[in-house]
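Peer 1: With the input below, show me the fold.
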Amino acid sequence: ISDVNDNAPVFERSSYEATIPENNTPGLSIFTVRARDADWNQNARVSYILEDSSVNGVPVSSYVSVSADSGVIHAVRSFDYEQIKDFQFRVIAQDGGSPPLSSNVSVKIIIQDQNDNAPQVLYPVQTGGSVVAEMVPRSADVGYLVTKVVAVDVDSGQNAWLSYKLQKATDRALFEVGAQNGEIRTVRQVTDKDAVKQKLTVVVEDNGQPSRSATVNINVAVADSFPEVLSEFPDFTHDKDYNDNLTFYLVLALAVVSFLFIVSIIAILSVKCYRWRRERMFYKSGANLPVIPYYPPLYADVGGTGTLQHVYNYEVCRTTDSRKSDLKYMRPTQSISSLDASGTQTFTHLQREKLTSDDFDDQ
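Peer 2: Numbers count the residues shown, from 1 in each chain. So this is what the prediction gives:
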């Protein structure tokens, strides 16, 4: 009986899940997938293929690879838990028959967090050499809240659990820090004998293995007034000079902006005043100009005998009653012009008619 390739490969599990610590070495073997084929000889030879897919827009082949013969899955890159926590892909098992038969299985890779990040102090902010002091009045009672240290750890789980402790202090009997919340409080009543300048060093430590830590220095001024603080913290003088310079430049910038604004307003008003004066002068000069009478042009007649000799004049007199008005229509003065021997032009009036129309309706 000859074998026929009528059986597809079958994986040992319906799905696979494996873990790998972050910061791994590229090429590290993660685990192995296995599939069996019930056929015989070439039909039972299984090869493994990584199905094409993407993880966060990146091809899965840039994360892992699979051995075609053994099914061993290797890490192609070093993983970072803070960037990717897990991802999934599929592996295809294909036999050597003709035509080949195949099956696939889902694989999930979980990245394990490692304690590779130290705590970060958010408050008090370290300002690179400049002194920032918390003031405590001498009348402060027991348990007075001086300040609070705020820190975070980007790791997860117990690697992100933080604890606080007072490493150094000018007077350890005066201050304490909460192990869980980072609050710095007074342990006893403040007295006049306590020094004005107090310096504390707080350590923030995570719970990883091995643990990582960060330190923060805190200046505390035990005083009731600011002049006392300046005498004990000479570095404040530099800060004061810096603030004075900053104030000076701010005032200077404000003065420049105000000056430019005023100049702009003056320029706009000057232009408007100049235009107003020019228009006023134009109107005044126009009133003194001689009046040049306007005579309507003479039009050629249809018969081609020359120009029209008649000029029609109209006078309209309107009354307060808009429905009535007076209209005077005067026949044109027909005149004959002649030149005498001396070259003087004379006119002889021949005819004038006047027609008065009363109660003329405007409509």
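Peer 1: going forward, measure contacts between C-alpha atoms and count neighbours the same way
Peer 2: Will do.
Peer 1: how much space between the spatially closest residue to residue 113 that is not a sequence neighbour and residue 259?
Peer 2: Nearest residue to residue 113 in three dimensions, chain neighbours excluded: residue 81, at 5.5 Å (C-alpha to C-alpha, 6 or more residues apart in numbering). Per C-alpha to C-alpha, to the nearest Å, residue 81 is found 58 Å from residue 259.
Peer 1: which of the two has more neighbours?
Peer 2: Neighbours were counted for residue 81 and for residue 259 using other C-alpha atoms under 10 Å; residue 81 has more, 19 against 12.
Peer 1: so who does the residue nearest to residue 113 touch?
Peer 2: 22, 111-114 (C-alpha atoms under 8 Å, 6 or more residues apart in numbering).
Peer 1: can you give me the helices in this structure?
Peer 2: Along the chain, counting by DSSP state H, helices occupy 226-232, 235-287.
Peer 1: Quick check: mean pLDDT of stretch 155-166?
Peer 2: For stretch 155-166, the mean per-residue pLDDT is 94.
Peer 1: CA atoms of that stretch as CSV?
Peer 2: Backbone C-alpha positions of stretch 155-166 (Å, rounded to 0.1, in the frame of the first residue of the first chain) are rendered in CSV as follows:
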residue,chain,number,x,y,z
ASP,A,155,9.7,49.9,35.9
SER,A,156,6.7,47.8,36.9
GLY,A,157,5.8,45.5,39.8
GLN,A,158,8.1,45.4,42.7
ASN,A,159,10.8,47.1,40.7
ALA,A,160,8.7,50.3,40.9
TRP,A,161,8.0,50.1,44.6
LEU,A,162,9.9,53.1,46.2
SER,A,163,11.0,53.7,49.7
TYR,A,164,12.5,56.8,51.3
LYS,A,165,15.1,57.2,54.0
LEU,A,166,17.1,60.1,55.5
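Peer 1: residues of that stretch that come out buried?
Peer 2: Neighbour-count burial for stretch 155-166, with 16 or more other C-alpha atoms under 10 Å as criterion, is recorded at 155-156, 159-166.
Peer 1: nearest to residue 280, of those?
Peer 2: Of all the buried residues of stretch 155-166, residue 280 sits closest to residue 155, with 80.9 Å by C-alpha to C-alpha.
Peer 1: which residues touch that closest one?
Peer 2: 82, 113-117.
Peer 1: Could you give me the ChimeraX syntax to select whichever of the residues you listed are buried?
Peer 2: In ChimeraX, the members of these classed as buried (16+ other C-alpha under 10 Å) are selected with the following command:
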select :113,114,115,116,117
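Peer 1: Nearest to residue 268, out of the contacts of residue 155: which one, please.
Peer 2: For the contacts of residue 155, the nearest to residue 268 is residue 82 (60.6 Å; C-alpha to C-alpha).
Peer 1: what about the nearest residue to residue 198 once chain neighbours are set aside, neighbour count?
Peer 2: Of all residues not flanking residue 198 in the chain, residue 220 sits nearest, at 4.9 Å (C-alpha to C-alpha, 6+ apart). Applying other C-alpha under 10 Å, we find 21 residues neighbouring residue 220.
Peer 1: For the residue nearest the centre of the chain, give its distance to residue 69.
Peer 2: The chain has residue 122 as the residue nearest its centroid, 23.9 Å off, counting by C-alpha atoms, centre = their mean. Distance, residue 122 to residue 69, using C-alpha to C-alpha: 52 Å.
Peer 1: what does residue 104 give?
Peer 2: From residue 104 to residue 69 the distance is 15 Å (C-alpha to C-alpha).
Peer 1: out of those two, which sits in the busier spot?
Peer 2: More neighbours surround residue 104 than the other of residue 104 and residue 69, with 20 against 11 (other C-alpha under 10 Å).
Peer 1: The more buried one reaches residue 89, doesn't it?
Peer 2: No. Counting by C-alpha atoms under 8 Å, residue 104 does not reach residue 89; the two are 10.2 Å apart.
Peer 1: roughly how far apart are residue 47 and residue 67?
Peer 2: 8 Å.
Peer 1: Tell me who's in contact with the spatially closest residue to residue 85 that is not a sequence neighbour.
Peer 2: The shortest distance from residue 85 to any non-neighbouring residue, by C-alpha to C-alpha, 6+ apart, is to residue 111 (5.1 Å). Neighbour list for residue 111: 19-22, 79-81, 84-86 [criterion: C-alpha under 8 Å, 6+ apart].
Peer 1: do residue 20 as well
Peer 2: Residue 20 is in contact with 30, 109-112, counting by C-alpha under 8 Å, 6+ apart.
Peer 1: between those, which is closest to residue 14?
Peer 2: Residue 14 lies nearest to residue 109 out of the contacts of residue 20, by C-alpha to C-alpha, at 15.2 Å.
Peer 1: my guess is that closest one contacts residue 90, does it?
Peer 2: No. Counting by C-alpha under 8 Å, residue 109 does not reach residue 90; the two are 11.1 Å apart.
Peer 1: Return every residue with contacts to both of the two.
Peer 2: With C-alpha under 8 Å, 6+ apart, residue 109 and residue 90 have no common neighbours.
Peer 1: Perfect, I'm done here.
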